[in-house]
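*Asks:* Okay, sequence plus prediction incoming.
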Amino acid sequence: MATTYGNGGAGSGHGGNHLRAEKARACIRSMVDQGSVESHRFYLARKTAWEMLKDRGYSVAGSELTRTLAEFRSHFGDKPDLDRLRIHASLRSNPSKKILVVFMGTDDIGKSIVCALRDQILNQSLSGLILVLQSKMTSFAQKELDGFPFKVEVFRIADLYVNITKHHLMPKHHILTAEEKRKLLNKYQLEDKQLPQMMKTDAIARYYGLENGEVVKATYTNEFVRFHEQYRCVV
């Protein structure tokens, strides 16, 4: 005998279909970002900036690395104030060495903006500055940056949406100390120029803020290459 179900059953008929559709819509709504695109962009870029500083040896609070998008919006809002987004960090090995990360606005950056920024931060005893850009920078502004009394690095905000070092195909990188570099060159009787090269403009070199002459050890481990090391010198 066939079993029949009445229209009042929660899992069948028009009522059941309606309920399932509502649940599906609720599920989709839960996956849609309800906040602003602007806040999402700043959240991603700022998180990568914190991770980058940590990997460079700066002191970083764990809460900055685990902050969720919802927590970011709760703290900074949907239209974050750029001054509040600034990051200050000190080097773990030498707290007197301080770096500042500044998120710039959407207007094109000219000489006057750079000069105003310099006057604003010169009393902060910085050893480094990172600018995160959303717009173009003029050649005059860039030339002005070259005159700052400390190293200035420039990143496009889109370059920081993803931490490139976390990609599953990216090898693990280790920056050799001066002593480690000396031992490596002595072991193989090499000079800097005989090592494979890494351009200073390479994404990894920029992520770690590397300078000419520094040596990077890349360790590859995957299903095809069980273990392989390669050394590259920054030029």
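*Replies:* Nice, thanks for sending it over. Numbering: from 1, shown residues only.

*Asks:* Endpoints of stretch 179-199, how far apart?
*Replies:* Chord length of stretch 179-199, first to last residue, is 22 Å (CA to CA, to the nearest Å).

*Asks:* Report the buried residues of it.
*Replies:* K181, L185, L195, M198 (16 or more other CB atoms under 10 Å). Placement of C-beta: from N, CA and C, glycine included.

*Asks:* Mind checking which of the residues you listed are in strands?
*Replies:* Members of the buried residues of stretch 179-199 lying in strands (criterion: DSSP state E): M198.

*Asks:* would you say A89 is within a helix?
*Replies:* No - counting by DSSP: H, G, I helix; E, B strand; the rest coil, A89 falls outside a helix, being strand.

*Asks:* List the contacts of the residue positioned nearest the centre of the chain.
*Replies:* In the chain, the centroid-proximal residue (CA atoms, centre = their mean) is T48; its distance is 2.3 Å. Listed by CB atoms under 8 Å, 6 or more residues apart in numbering, the contact set of T48 reads L160, Y161, V162, N163.

*Asks:* so what's the closest residue to F155 other than its chain neighbours bridging to?
*Replies:* What sits nearest to F155 in space, not counting adjacent residues and going by CB to CB, 6 or more residues apart in numbering, is V132, at 5.4 Å. In this entry, V132 is beta-bridged to F103, F155, by DSSP bridges.

*Asks:* okay, now V132: neighbour count?
*Replies:* For V132, the neighbour count with other CB atoms under 10 Å is 25.

*Asks:* Domain ranges for this structure, per the record?
*Replies:* Domain assignment for the chain, taken from automatic domain parsing, gives 37-160, 164-234.

*Asks:* Could I get the ones you listed in a markdown table, plus columns for distance to H18?
*Replies:* Below are the domains of the chain laid out as a markdown table (distance: least, CB to CB, whole Å):
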| stretch | distance to H18 |
| --- | --- |
| domain 37-160 | 31 |
| domain 164-234 | 42 |
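
*Asks:* Of those, which shows the lowest average pLDDT?
*Replies:* Lowest mean pLDDT of those: domain 164-234, a mean of 93.

*Asks:* quick one: terminal-to-terminal distance for that one?
*Replies:* End-to-end distance of domain 164-234: 18 Å, with CA to CA as the criterion.

*Asks:* Ok, stretch 167-177 next?
*Replies:* For stretch 167-177, the end-to-end distance is 25 Å (CA to CA).

*Asks:* Flag every buried residue along that stretch.
*Replies:* P171, H173, I175, L176.

*Asks:* What about those, which are in helices?
*Replies:* The helices, defined by DSSP state H, take in nothing from the buried residues of stretch 167-177.
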